[in-house]
Every structure is written in C-alpha cells, then in structure tokens.
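K.L.:
build the 3D model from these lines:
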Amino acid sequence: MGSVFRRPSWPDMTDEMFAVAYTSAASKRLQQLADASVAINAALSLDDMLDLITTRAREIIGAHQAIISIIVERDQSQAPTTVDKIALSDKYAAWRGCKALHSHAGICTDYVYNTNKPVRLTQSELEAQPGWHDFASQEVDHPPMRGCLAAPLIGRDGHNLGLILLSDKEQGDFTEEDEATLMQLAQMAAIAIENIQLYQQTWKSVLARDHLLFMVSHDLKNPLGAIKGYAQLLQREIQREGALDTERMLAIVNRIDATATRMTDLINELLDLSHLQISQPLELVRRPVDLIALIQQVVAEQQQTTHRHQLRIESAVTELVGDFDAARISRVIANLISNAIKYSPRAPEITVQIAREEIGGAPYAVVTVRDQGIGIPAEDLPYIFEQFRRAENVIGRIKGTGIGLASVRQIVEQHGGTITVESVEGEGSAFTVRLPLS
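P.N.:
Here you go, the predicted model:
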C-alpha cells in the first residue's frame, strides 16, 4: 500500500520520525473528512452542496483540480446528461468558469460510469487512453489534465449517480490512500446528494398537491354553483302560476344531470389518480363495447361544451368492438378532446381519427385526436404524461391540474394499450391511443 506522502530520503529522518509524520497526516485527513461531512450535509441546495464537495475534495487530497458530475438523465443510445461543478486552484485560475469539463471528454470517466469502480492513472497512463489526443488538442477550452483519480457516486440502490474526478496532484502521483479517501468522500457525497434530491422532490410534491387541491376545489365549486342555480330556476318554474312548461323544465333537468355527471367524472379521475399514487391497478369493468359508437357519443357531448370549435370524426370502419371499461375509455377520449379544445383557442377544427391496425398479428383500435393549437415545446414532450407536469408554454396562461394525461396513460396501459404524442409548438398536437381489440 502506498503512503499519503512519500518518505523523504533525508539521512537524519528515522523510521520513528516518519511514523509520527505519517500518523499526523492520516489524523489530519480523517478530521478533514469529518468536517467535510458536516459541511456537505448542512448545505441547503444541490448547487451549494456540489460546490462544497469539489472544494473539499481538492483541499483534502491536495490537487489543483476537482470536478463533480451528477447524472440527471441517462439515455442508452448516448452519453449521460450531467450537471457539473469544477473547483480549481490559483494555478488554473484562467479556466475558472469554463464550460468544457473533463467528464465530457470520456477520459477515465466512462470506466467509472460503467463499472462503479474508481480509477487512478499517472500522466503517462492517462496519455495512453483513447481520446487523449483529441482532448489534449482542445486545452484552450479547458484546463489540462495532469494525472487522474476518479471515484463513482453510488446511490442506495447501487445505481451510478455520477463521479468525482481529481487531476494534477500538488505533490507526486495520486496514491492508494488518496483513492481510499476519495471513495469515502464520494460515499458521503452520494448519500447527501440523494437526500437533498429527495427533499426537493418532496417539496415539489407538496406544492403540486396544494395546487391540485386548489384547482380541484375550484373545478368542483363551479358545477356545484351551476347545479344550485339550475335547481333554483326549476323551483321558480314550478312555483310560477299557470301551466308548467314541460319542455323548459326538461331542459333544466338535463343541465343538472350533465353538470352532476361532470362532477362525477372529476371525482372518479381523482380516485383513479389515488390508485396511481400508491401504485395500485385500477379495477376495470370490462364488457364488449363498440368503440365507434362510444366515441360518437363522447364527441357529441364535447361539442356541446364549445361553440368556437368544430369536432369531426374520420373513420374508415363502421364498428370496432373490444372488451373495454366503457366509462374509463370515455374519460380517455373526453380528456384528449377537452385538452384539444382548451389548448386551441384560435384553431377551430379538431379531428378524431379512428382506424383498425394489425400489430404483431393482433388487431388494434387506433384513435388519434388531432388539433392545430399552441402545441407542446420539444423539451416538455418526454414528460407530458407525468402527473402534475404541464408544458412551460401554458403555465400561468391556461388553467390545469396536470393530472389528466397521467390518468389517461394509466387507463390506456391497464387496457394493454399505448398512448403517444406528436407535437410542434405553435402548430398543434396529435395524441394517438392504441387499444387491443382481442
């Protein structure tokens, strides 16, 4: 095993003197690790925490460069997306604030990401790595590397969260003790990072819950007010002298019934969402349903909610029968159409296209709700079916809870189907539902 520092070759230094110096250096490093742990766990934001981790790692091990990379998105087809922080000594002051960090070069980092094991390289070993030539030729964009020591950040479930990388040790090469120390620091950092991420997620969930309660209370209050108004109007009609206007009374009763149905749908959607929150499957009530007839009914009901839009059905088939939970599939179609209406304030035409497809030898019903509205920003598309997530171009402009599409996906997937979206901001959106007929 190597030492924290190399034994000097001074003739007057005895083994006892070296042992005392070694013990003193080891004790100092342990105290530095303890102090770093307290400071890291006291950080109030992820940004402050990452600054602390890089600074303390550089100071404790004695390196001129320290970098931490946290993976925020991982795609199997490309390199992970990371959030990076860099701490540099005065030797590299000219590069403070640089954007092109070592982790982007893939030098001595790919191994750490893929194996969750540390790596320690001398300068000559580093220069033998693939990609070194390209990296070294771009030193105008980033500080040069002088040796490498990297340790993985490993989460509680064993997944890689990122890494800490050190370069250019102040004295000599990185040692085994340096590696062990950095692994301890990385372990403390990983726990602290997960804790603060969990805290931030919890806080966001609390805010989303409060927003949801506000929106739901608002959405329930409106139909309740309408029901009360219709009931009072009906009461006046009955008390009015003369013959009762049966047709007028029937119209009022129909409005009460439609408004109560709307409230029931909202409450059922919230109940389904509660199943989603606790990862419980829905209790589907399946029976043979003609999807064409069901969609025609939903479109007729949705058409009554808007005078500015024209809803059209396009279908190459006259009947599509499958075993569906009719109430929930109705809610799926109604939700997609009502969204199209809501997010198409200046585009009057909304089309519901129905077709039958063979997928893997099995028959599927394919329903696409297409609008020419405001569309969804490209960066929001991957998250549009997550609960409480809303596109950036509607927040603060158009009211919504962010639960509708999450509920839609849950219903569709429990029917064995899929839902996808294609959208261009400013041009419109198309949501496509595929449901197995067999």
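K.L.:
residues in contact with Asp178?
P.N.:
When contacts are counted by CB atoms under 8 Å, 6 or more residues apart in numbering, Asp178 touches 4, 61, 120, 149, 166, 169. For glycine as for every other residue, the C-beta is placed from the backbone atoms N, C-alpha and C.
K.L.:
now, which of those residues lie within helices?
P.N.:
If you go by DSSP state H, the contacts of Asp178 have Ile61 in helices.
K.L.:
the contacts of Asp178 into JSON lines, with extra columns for distance to Arg308, neighbour count and pLDDT?
P.N.:
JSON lines is the format used below for those (distance: CB to CB, whole Å; neighbours: other CB atoms under 10 Å; pLDDT from 0 to 100):
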{"residue": "Val4", "distance to Arg308": "75", "neighbour count": "18", "pLDDT": "40"}
{"residue": "Ile61", "distance to Arg308": "66", "neighbour count": "24", "pLDDT": "89"}
{"residue": "Arg120", "distance to Arg308": "67", "neighbour count": "20", "pLDDT": "91"}
{"residue": "Leu149", "distance to Arg308": "64", "neighbour count": "25", "pLDDT": "92"}
{"residue": "Leu166", "distance to Arg308": "62", "neighbour count": "29", "pLDDT": "91"}
{"residue": "Lys169", "distance to Arg308": "69", "neighbour count": "19", "pLDDT": "92"}
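K.L.:
can you put the contacts of Asp178 in a markdown table and add distance to Ala189?
P.N.:
Formatted as a markdown table, the entries for the contacts of Asp178 read as follows, by distance: CB to CB, whole Å:
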| residue | distance to Ala189 |
| --- | --- |
| Val4 | 21 |
| Ile61 | 14 |
| Arg120 | 18 |
| Leu149 | 15 |
| Leu166 | 13 |
| Lys169 | 20 |
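K.L.:
where do the domain boundaries of the protein fall?
P.N.:
By the assignment in automatic domain parsing, the chain contains the domains 15-200, 204-277, 287-436.
K.L.:
by mean pLDDT, show me the worst of those domains.
P.N.:
Ranked by mean pLDDT, these bottom out at domain 204-277, with a mean of 72.
K.L.:
from the contacts of Asp178, which land in strands?
P.N.:
Counted as lying in strands by DSSP state E, out of the contacts of Asp178, are 120, 149, 166, 169.
K.L.:
who's in contact with the second one?
P.N.:
What that stands for is Leu149. When contacts are counted by CB under 8 Å, 6+ apart, Leu149 is found next to 61, 63, 118-121, 165-167, 169, 174, 178-179, 182.
K.L.:
ok, it to Val112 distance?
P.N.:
As defined by CB to CB, to the nearest Å, Leu149 lies at a distance of 10 Å from Val112.
K.L.:
repeat that for the last one.
P.N.:
Distance, Lys169 to Val112, using CB to CB: 18 Å.
K.L.:
just to revisit the earlier point, possible to save the contacts of Leu149 as TSV with distance to Phe324?
P.N.:
Listed next are the contacts of Leu149 as TSV, based on distance: CB to CB, whole Å:
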residue	distance to Phe324
Ile61	62
Ala63	63
Pro118	54
Val119	54
Arg120	60
Leu121	60
Leu165	54
Leu166	59
Ser167	60
Lys169	66
Phe174	63
Asp178	63
Glu179	59
Leu182	57
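K.L.:
which of the three states applies to the residue nearest to Ser315 when sequence neighbours are not counted?
P.N.:
Spatially, and ignoring its direct neighbours in sequence, Ser315 is nearest to Ile354 (4.0 Å; CB to CB, 6 or more residues apart in numbering). When the structure is reduced to helix, strand and coil (DSSP: H, G, I helix; E, B strand; the rest coil), Ile354 reads as strand.
K.L.:
and Ile354, what are its bridge partners?
P.N.:
Note on Ile354: beta-bridge partners Ser315, Val367, judged by DSSP bridges.
K.L.:
hmm, it is touching Arg370, no?
P.N.:
No - in this structure, Ile354 is not within contact of Arg370 by CB atoms under 8 Å, at 11.7 Å.
K.L.:
and for the residue nearest to Ser315, the neighbour number?
P.N.:
Counted with other CB atoms under 10 Å, residues neighbouring Ile354 total 19.
K.L.:
contacting residues for it?
P.N.:
The neighbours of Ile354, taking CB under 8 Å, 6+ apart as the test, are 291-292, 295, 313-317, 320, 365-367.
K.L.:
among those residues, which one sits closest to Tyr230?
P.N.:
The shortest distance between Tyr230 and any of the contacts of Ile354, using CB to CB, involves Ile295 and amounts to 28.1 Å.
K.L.:
got a list of contacts for the helix or strand that contains the closest one?
P.N.:
Ile295 is part of helix 291-303, with elements assigned from DSSP states H and E. For helix 291-303, contacts defined as CB under 8 Å, 6+ apart pick out 258, 309, 311, 313, 315, 317-322, 324, 326, 329-330, 333-334, 337-338, 341, 352, 354, 365, 367, 435.
K.L.:
which residues of the stretch 201-350 of the chain fall in strands?
P.N.:
Using DSSP state E, counting those that start in this stretch, the strands of the stretch 201-350 of the chain run over 287-290, 310-315, 321-324, 349-359.
K.L.:
please identify the most buried of those.
P.N.:
Mean neighbours per residue, mean count of other CB atoms under 10 Å, is largest over those for strand 321-324, with a mean of 19.
K.L.:
and that one, which strands flank it?
P.N.:
Using DSSP bridges, the strands paired with strand 321-324 in its sheet are strand 287-290 (antiparallel).
K.L.:
any idea how far Thr109 is from the residue nearest to Ser315?
P.N.:
Noted for Ile354: a distance of 50 Å to Thr109, by CB to CB.
K.L.:
how many residues are close by Gly155?
P.N.:
Applying other CB under 10 Å, we find 16 other residues in the vicinity of Gly155.
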